[in-house]
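> This is a predicted model, with the sequence first.
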Amino acid sequence: MREVNQDDKLFFFERSFITLDGLWMIETEEMTNWEVALKIDLIVWKKLLKVIIRRLKKYLNLEKNDLTNLIKILTFRWSIEGWKYNLISQNAAKVKILVKQCPYKSAMDRNPERTEKQSLICKNMCIPFYKAITNDFNENLDLERNNIMGLGDDYCDFTFSFDNKSFEEAENDESFTKIIEPNNADKLFYFEKNFRTLDGLWVIETENELGWDATLKLDIIVWQRLYKIVFRRVKKYLNIKGNSLSDLIEILSFVWNCEGNVHDIFQAGKDYFTISIVECPYIAAMERNPDRHNRIESICKDMCIPYLQPVINEFNPKIEITRDKFIGLGDSVCNIILNLKD
């Protein structure tokens with residue numbers, strides 16, 4: 001199997017990031033209703049953006065929580081995610097930015113079933129969480145927004161400024177003069193780091209709202225749909241034309257190498273493979289969070305195979321998948337057995 005490089009991993013995480021978030025939103029709304037899904041989504045993104053800002057502040061070697069550094073962080077993130085924007089005015093006390101293209105609005109534009117939700121997302125989610133993260137970054141910073149694309153305007157505007165009590169802090173701030181242009185290594189850092197954080201926050205906040213049983217059911221559905229999309233994308237990316245067992249192994253190995261899932265592949269004849277997973281990044285993430293230790297067994301036993309089965313069945317209904325070892329249940333490896341039935 002091929003080793004993945006930076007471009008391969010960027011292809012995987014960049015394409016999957018917005019897809020994953022959208023699927024959680026859609027499936028939560030389908031199980032509950034719009035109000036519940038939006039409530040969870042808002043909590044997830046408030047927490048996620050705090051994490052993103054903290055990570056980017058450290059990544060960019062920024063020290064102060066001033067206006068200059070907030071703009072550097074936000075524009076760096078927007079450039080990575082594919083936002084199109086211009087700085088209209090800037091000085092030490094005030095910066096105005098016009099956004100002409102937002103990847104989240106673009107994703108909804110491509111889905112006719114989500115078009116009607118744009119105004120609600122912008123009004124009830126985007127506006128409040130940007131105000132929240134601005135104030136969290138520096139309580140003396142204000143954010144004013146008057147134009148919103150999702151509400152029918154031609155652009156979105158963001159005007160960041162120090163409040164009237166903070167002129168001294170503004171005078172000591174450096175004027176923002178240059179946008180930091182991210183390269184592919186920057187983009188990979190951003191998407192790879194935040195992909196699992198995004199998924200983990202959706203699981204945690206959905207459990208807080210709906211309980212574990214409903215969350216586990218949603219988690220399976222979201223990852224079933226995500227992997228079906230990922231399989232189609234990777235099959236095209238790797239130029240795989242068939243649906244043989246060896247083709248499936250190539251796709252799975254590529255995806256898992258991108259995700260950081262360390263594994264060995266053992267073949268016993270042309271119709272029988274065992275994939276032994278030595279390190280699972282999702283278990284590792286739960287192990288780093290003491291509050292999630294009690295969910296590791298359930299995720300491994302009740303979620304890991306169910307989300308793969310329909311994906312593999314769609315790829316080739318003659319391929320059977322079974323498990324006989326689980327890291328989350330105390331085994332040293334996870335064994336995934338793939339067999340081509342007669």
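Thanks, I have it. Numbering: from 1, shown residues only.
> quick one: secondary structure of residue 278?
Look at residue 278: counting by DSSP: H, G, I helix; E, B strand; the rest coil, its state is strand.
> Excluding sequence neighbours, find me the nearest residue to it.
residue 262 (4.6 Å; Cβ to Cβ, 6 or more residues apart in numbering). To be clear about C-beta, it is placed using only N, CA and C from the backbone, and glycine gets the same treatment.
> For the one you found, what are phi and psi?
Backbone geometry at residue 262, expressed as degrees, to the nearest 10, gives phi -80, psi 130.
> do the same with residue 33
phi -160, psi 180.
> the strands in the stretch 101-250 of the chain, which residues?
Listed in chain order, the strands of the stretch 101-250 of the chain (DSSP state E, counting those that start in this stretch) span 141-144, 156-162.
> what pairs with the first one, and is each one parallel or antiparallel?
Strand 141-144 has its sheet partners listed here by DSSP bridges as strand 156-162 (antiparallel).
> Export the strands of the stretch 101-250 of the chain as TSV, with columns for distance to residue 305 and mean neighbour count.
Output for the strands of the stretch 101-250 of the chain, formatted as TSV (distance: least, Cβ to Cβ, whole Å; neighbours: other Cβ atoms under 10 Å):
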stretch	distance to residue 305	mean neighbour count
strand 141-144	46	16
strand 156-162	43	20
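> Out of the ones you listed, the one nearest residue 11 is which?
With Cβ to Cβ as the criterion, residue 11 lies closest to strand 156-162 of the strands of the stretch 101-250 of the chain, at 28.1 Å.
> List the contacts of the closest one.
67, 70-71, 93-99, 102, 130, 134, 140-149, 169-170, 173 (Cβ atoms under 8 Å, 6 or more residues apart in numbering).
> cutoff 7 Å now
Residues from elsewhere that reach strand 156-162 (Cβ atoms under 7 Å, 6 or more residues apart in numbering): 67, 70-71, 93-99, 102, 134, 140-149, 169-170.
> Of those residues, select the buried ones using a PyMOL command.
To isolate the buried members of the contacts of strand 156-162 in PyMOL, using 16 or more other Cβ atoms under 10 Å:
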select buried, resi 67+70+71+93+95+97+98+99+102+134+140+141+142+143+148+149+169+170
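> Beta-bridge partners for residue 323, please?
Taking DSSP bridges, one obtains residue 336 as the residues bridged to residue 323.
> per-residue pLDDT, it?
According to the prediction, residue 323 has pLDDT 90.
> any idea how far residue 55 is from it?
Distance check for residue 323 against residue 55: by Cβ to Cβ, to the nearest Å, it reads 34 Å.
> same check, this time on residue 274
According to Cβ to Cβ, residue 274 stands 37 Å off from residue 55.
> next one: residue 221
Going from residue 221 to residue 55 by Cβ to Cβ gives 29 Å.
> likewise residue 103?
19 Å.
> related to what we said a few turns ago, export the strands of the stretch 101-250 of the chain as a markdown table, with columns for distance to residue 238 and mean pLDDT.
A markdown table is the format used below for those (distance: least, Cβ to Cβ, whole Å; pLDDT from 0 to 100):
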| stretch | distance to residue 238 | mean pLDDT |
| --- | --- | --- |
| strand 141-144 | 44 | 94 |
| strand 156-162 | 37 | 92 |
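> Can you add distance to residue 187 and give the ones you listed back as JSON lines?
Formatted as JSON lines, the strands of the stretch 101-250 of the chain follow (distance: least, Cβ to Cβ, whole Å):
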{"stretch": "strand 141-144", "distance to residue 187": "26"}
{"stretch": "strand 156-162", "distance to residue 187": "22"}
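> Out of the ones you listed, which gets nearest to residue 319?
Residue 319 lies closest to strand 156-162 among the strands of the stretch 101-250 of the chain, at 46.6 Å (Cβ to Cβ).
> Count the neighbours of the closest residue to residue 148 other than its chain neighbours for me.
Leaving aside its sequence neighbours, residue 148 sits nearest to residue 122 (Cβ to Cβ, 6+ apart; 4.9 Å). Residues lying near residue 122 (other Cβ atoms under 10 Å) number 22.
> and what of residue 111?
When neighbours are counted by other Cβ under 10 Å, residue 111 registers 11.
> With residue 196 instead?
For residue 196, the neighbour count with other Cβ under 10 Å is 17.
> which residues sit in contact with it?
Applying Cβ under 7 Å, 6+ apart to residue 196 gives the contacts 281-282, 285.
> filter those residues to the buried ones?
With neighbours counted by 16+ other Cβ under 10 Å, those contain buried members at residue 282.
> Switch the contacts of residue 196 over to a markdown table; also include pLDDT.
Below are the contacts of residue 196 laid out as a markdown table (pLDDT from 0 to 100):
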| residue | pLDDT |
| --- | --- |
| 281 | 90 |
| 282 | 89 |
| 285 | 88 |
